[in-house]
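Trainee: Fold the following for me, if possible:
(chains A and B)
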Amino acid sequence: MNTNKDKAISDKNSVPCILQASCLEEELSLHQRYVFNLAYHLCNDIDDADDLTQETFLKAFEHLPDFRGEASIRTWLGRITINAFLSKKRKLVRHKTISLEIIPVPDWSANPERVIIRRELQWCIRHVLQHHLREEHKHVLILRDLHHFGYDEIADTLCISLSAVKSRIHRARKAFRDHLVKTGCAELVKDYTCCCREGVREI
Amino acid sequence: MLLQGGGARNLTCQQVRSLLSLYLDQELSEPRRKMVSSHLKQCPSCRAEERSLTKTLLLIHAAETVEPPRNYLNNKRSD
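Mentor: Residues are numbered from 1 along each chain as shown, chains lettered A, B, ... in the order given. Prediction:
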């Protein structure tokens, strides 16, 4: 959900002041929460998100002279975050395979029912995003539906055409829904064991 | 299904379903939005598809956000 603060940040994105070094640190600091959450949704792990966020801001400072303000700073940071994530993932896949066994299953037995339901839901969303969507679908869903990017922003961030964004968003949403409803994964929240036929998509 | 009543301007169910995300995101032109809206009023099957997609969006939107554990800009300017 967009907040007034988000809007203020968005409005400030277009201000030329961002190109001045004196303004940049303040601007970047306003986006820490956004970058961390983007990293968290990509990684599905707090510690990995912490590492990825740190790497993103290090790269942002390193490439500061390259920033011309052609894209918004949010778009620019999003692009850095996703590229860093993909680079890290390519290295990871050489060393390990993600399996169901390593998906953390928290013990919520002592919590009130509503809290349990909410946490089941969160687990379910993260599980499907992380393990059952194509990478390109996962990225557009995170940017559009979790971070409320505009279609133009997504095109800039992912360096794809607007028409590709439009079709990819629709396919991604349908894939998310179809996975939950049609493959049996809607049942996964009951015991945190994914029983869909597709199995876990390796990253 | 091609619903009757609008001549050549009618959309098929397949066309409408392919436009549902854009429709829900309010990314369609006004004439196209009206065409989709008109089709949905007459077609229970596409209306069910729209409701299903809307529920999916509500589900995804419920994803939690988290607070960053630290300030990532400390000491960066002096690196």
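
Trainee: So for stretch A:168-183, what gets flagged as buried?
Mentor: For stretch A:168-183, a neighbour-count test (16 or more other CB atoms under 10 Å in any protein chain shown) marks A:168-177, A:179-180, A:183 as buried. (C-beta placed from N, C-alpha, C; glycine too.)

Trainee: Export the residues you listed to a markdown table and append columns for distance to A:Gln122.
Mentor: Formatted as a markdown table, the buried residues of stretch A:168-183 follow (distance: CB to CB, whole Å):
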| residue | distance to A:Gln122 |
| --- | --- |
| A:Arg168 | 24 |
| A:Ile169 | 22 |
| A:His170 | 24 |
| A:Arg171 | 24 |
| A:Ala172 | 19 |
| A:Arg173 | 18 |
| A:Lys174 | 22 |
| A:Ala175 | 19 |
| A:Phe176 | 15 |
| A:Arg177 | 17 |
| A:His179 | 16 |
| A:Leu180 | 14 |
| A:Thr183 | 20 |
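
Trainee: If we only consider those, which is nearest to B:Val66?
Mentor: A:Phe176 (20.6 Å; CB to CB).

Trainee: pull the longest helix from chain B.
Mentor: For chain B, the longest helix by residue count, based on DSSP state H, is helix B:44-61.

Trainee: what sits up against it?
Mentor: A:1, A:121, A:125, A:141, A:145-146, A:173-174, A:176-177, A:180-181, B:1, B:13, B:16-17, B:20-21, B:23-24, B:39-41 (CB atoms under 8 Å, 6 or more residues apart in numbering or on different chains).

Trainee: Next step: these restricted to helices.
Mentor: In this view, the contacts of helix B:44-61 that belong to helices under DSSP H are A:121, A:125, A:141, A:173-174, A:176-177, A:180-181, B:13, B:16-17, B:20-21, B:23-24, B:39-41.

Trainee: one step back: just the buried residues from the contacts of helix B:44-61, in PyMOL please.
Mentor: To isolate the buried ones among these in PyMOL, judged by 16+ other CB under 10 Å, type:
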select buried, (chain A and resi 125+141+145+146+173+174+176+177+180) or (chain B and resi 16+17+20+21+23+24+39+40)
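
Trainee: If we check chain B, which of the buried residues of stretch A:168-183 are in contact?
Mentor: A:Ile169, A:His170, A:Arg173, A:Lys174, A:Phe176, A:Arg177, A:Leu180 (CB under 8 Å from any CB of the partner chain).

Trainee: could you say which helix or strand contains the second one?
Mentor: Using DSSP states H and E, A:His170 maps to helix A:162-182.

Trainee: Could you list the low-confidence segments of chain A?
Mentor: By pLDDT under 70, the weakly predicted segments of chain A are A:1-22, A:92-118, A:182-203.

Trainee: ok, 80 please
Mentor: In the predicted model of chain A, residues A:1-26, A:64-66, A:68-69, A:91-123, A:180-203 satisfy pLDDT under 80.
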